[in-house]
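In: here is my input, please return the structure:
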Amino acid sequence: MFEKLRDKSIAATQERFDTIVGKTTQIYGRMVLLDSVRIDGKVVGNIETIKDNKVTVAIGATGEVSGDITAYRVMVAGKVEGNIYAAERVEFHKDSVVHGDISYGSIAIEHGARLLGLVIQNPAGTNNSAAEANSVIRSAQTGKSGS
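Out: The predicted structure is shown next:
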């Protein structure tokens, strides 16, 4: 009836990344994406996508982001110090470390991932903007129901 979950991992996706930030690359500043990106280096600043654009942001095992991430899909295997707003899906792979609030449509968490912050599902059928997701998170922090 119960399976060992320790040996299971999130199924590999067939994402195509148009941009790759290599291990030795450091970016300081805001990134606005039109296509999916994989980050194996370091980004200090917010990562944003154009609204209604199905862009994936993947943080590799050596990747680090210090800033908020707003995207359709977010996959984390490295470190994030900031809030994550994933309209469709967010995935946390083993050994990932996230310090920040998370707003998501669906979620997958591997055994060993470390999350420190609020984890809040978007209301069904909505594609929240970062501002709307931030409002829901702040409401949860203060214990007040959102509008």
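
In: please name the nearest non-neighbouring residue to residue 55.
Out: Nearest in space to residue 55, with sequence neighbours left out and distances taken as CB to CB, 6 or more residues apart in numbering, is residue 49 at 4.1 Å. C-beta here means a position set from N, CA and C on the backbone, and glycine is covered the same way.

In: I'd like to know how far the one you found sits from residue 89.
Out: Noted for residue 49: a distance of 14 Å to residue 89, by CB to CB, to the nearest Å.

In: so for the two, which sits in the more crowded spot?
Out: Remark: of residue 49 and residue 89, residue 49 carries more neighbours, 25 against 17, as counted by other CB atoms under 10 Å.

In: so what's the more buried one up against?
Out: 32, 33, 34, 55, 57, 70, 71, 72 (CB atoms under 8 Å, 6 or more residues apart in numbering).

In: ditto for residue 43
Out: 21, 26, 27, 31, 63, 64, 65, 66, 67.

In: hmm, 7 Å instead?
Out: 21, 27, 31, 65, 67 (CB atoms under 7 Å, 6 or more residues apart in numbering).

In: from those residues, which is closest to residue 38?
Out: residue 21 (7.1 Å; CB to CB).

In: how close does the closest one get to residue 76?
Out: 14 Å.

In: and stretch 46-65, what's buried?
Out: 46-49, 55-60, 63-65 (16 or more other CB atoms under 10 Å).
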